[in-house]
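J.: no letters, just coordinates:
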């Protein structure tokens, strides 16, 4: 079963606007990771945030983690057409055999030029 | 480095046929895994390996077999293909387990159709 659930399922914005998507999960985690998938391609790692971290930045990406609410958000600032992709959160849960990643269903982002 | 490579890119099978999806990585990664992705869904773990000679089941292992005889290669075998196995299959590798804060590197995927 999926532990991470993204919201919204789809997002359409104009180039230059910010895009925010959220991820909620159910049980305590070791870390949470965000991945991007362009149409027809494999996933690309964006950011990993550990359970004891609250915020991380990478270029135009900002990720927050609130373990009390069991949720994370990914913010893409000043979006570009090239940011059009699906974005997935993936969680690693305490005591999960093999420390496996569990993926959510993704948010499809369309950035219109 | 080529990273994670997968072959074939596309495959069509008839129900009952068997085949092997190939996955190789040249990053000397210990941890490798296979996922399937169905339309509108995230990835679900099929099998994973923490090193040569060690494999274990993921969330959806039925109908699939794996082996890990070398660090580089992690093939996925479909024993008797069924239409429910129509999906896109991704192989991934990482320097350690995800629980030890390692990111995963994904291959480009194999699109499989079972008729």
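T.: Arrived safely, thanks for sending. Values in this document were obtained by computation on a predicted structure and should not be read as measured data. Numbers count the residues shown, from 1 in each chain, chains lettered A, B, ... in the order given.
J.: counting neighbours, what do you get for the closest residue to residue A:31 other than its chain neighbours?
T.: Leaving aside its sequence neighbours, residue A:31 sits nearest to residue A:50 (CB to CB, 6 or more residues apart in numbering or on different chains; 4.9 Å). Yep, even glycine has a C-beta here, placed from its N, CA and C like the rest. Neighbours of residue A:50 under the rule other CB atoms under 10 Å in any protein chain shown: 14.
J.: so how far is residue A:91 from residue A:50?
T.: 12 Å (CB to CB, to the nearest Å).
J.: which residues are in contact with both of those two?
T.: Common neighbours of residue A:50 and residue A:91, counting by CB atoms under 8 Å, 6 or more residues apart in numbering or on different chains, are residue A:31.
J.: the residue nearest to residue A:31 touches residue B:101, doesn't it?
T.: Yes: Residue A:50 is in contact with residue B:101 according to CB atoms under 8 Å; the separation is 6.1 Å.
J.: find residues that contact each of those two.
T.: Counting by CB under 8 Å, 6+ apart, the contacts common to residue A:50 and residue B:101 are A:30, A:31.
J.: can you measure across stretch A:19-28, start residue to end residue?
T.: 26 Å (CA to CA, to the nearest Å).
J.: what residues does that stretch touch?
T.: A:3-8, A:11, A:13, A:32, A:34, A:51, A:67, A:69-76, A:79, A:83, A:87, A:89, A:91, A:93-94, A:104, A:107, A:109, A:111.
J.: are any of those residues buried, and which?
T.: Neighbour counting with 16 or more other CB atoms under 10 Å in any protein chain shown marks A:3-6, A:11, A:13, A:32, A:34, A:70-74, A:76, A:79, A:83, A:87, A:89, A:91, A:93, A:104, A:107, A:109, A:111 as buried within these.
J.: sorry, back to before: so what's the residue nearest to residue A:31 up against?
T.: Applying CB under 8 Å, 6+ apart, we find residue A:50 in contact with A:30, A:31, B:101.
J.: residue A:108 contacts residue A:10, correct?
T.: Yes: the criterion here is CB under 8 Å, and residue A:108 meets it with residue A:10 at 4.5 Å.
J.: between these two, which one's more packed in?
T.: With neighbours defined as other CB under 10 Å, residue A:108 and residue A:10 compare such that residue A:108 has more, 19 against 12.
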